[in-house]
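Student: okay, here's the prediction I keep looking at, along with the sequence it came from:
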Amino acid sequence: MRSKRDISFKRILSLFKYQNGSPFFNAKGLAIGVFSGCFPFFGFQTLIGVFLAKLAKGNIVLAAIGTWISNPFTYIPLYYFNYKVGSIFLNTYSNNDTQKSFVIDELWKQGRIFSLKLLLGSSFVGLLLALICGSVVFFIYKIKIKR
């Protein structure tokens, strides 16, 4: 049985470091994982990320790691931000809107609108973060190859 000492930060970083494939292949996998991780499909983000990476012929391991962008520490801020971004796109952004949206009765009444705002915001934020993370990883792997 593994102890906690066996699973360290260095071991997790080695998952990034020792991936085979071109920089584009690796960056594509991570970007797809980050995109999938921005959606509020708890428990299915990794499956969706791996499936999409398989379809797009990206690195499956890095896609699974990329979904860790959402974790118990980042759920609330990430999805709140995604909701706000979706509200801006639907032109329903107001301070009063946020307070009403988190009341249970109002959520049931406005469930479709709330879900649409969250998914639209998650799509936009996921696409933006995927482009940023994918670009950074691409250049990191390019530099690694030159050494």
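Tutor: All right, it came through fine.
Student: on contacts alone, who are the packing partners of the helix or strand hosting Leu55?
Tutor: Using DSSP states H and E, Leu55 maps to helix 45-56. Counting by 3 or more Cβ pairs under 8 Å, 6 or more residues apart in numbering; DSSP states H and E, the packing neighbours recorded for helix 45-56 are helix 23-37, helix 60-66. Every residue, glycine included, has its C-beta placed from N, CA and C.
Student: in the longest helix along the chain, what counts as buried?
Tutor: Using DSSP state H to define each element, the chain has its longest helix at helix 111-146. Applying a neighbour-count criterion of 16 or more other Cβ atoms under 10 Å, the buried positions in helix 111-146 are 113-114, 116-126, 129-130, 133-134, 137-138, 141.
Student: which helices and strands does it pack with?
Tutor: For helix 111-146, the helices and strands in contact under the criterion 3+ Cβ pairs under 8 Å, 6+ apart are helix 23-37, helix 75-89.
Student: any idea which of the ones you listed gets closest to Trp68?
Tutor: helix 23-37 (6.6 Å; Cβ to Cβ).
Student: give me the distance from that closest one to the chain's centre.
Tutor: In terms of Cα atoms, centre = their mean, to the nearest Å, the gap separating the centre of helix 23-37 from the centre of its chain is 10 Å.
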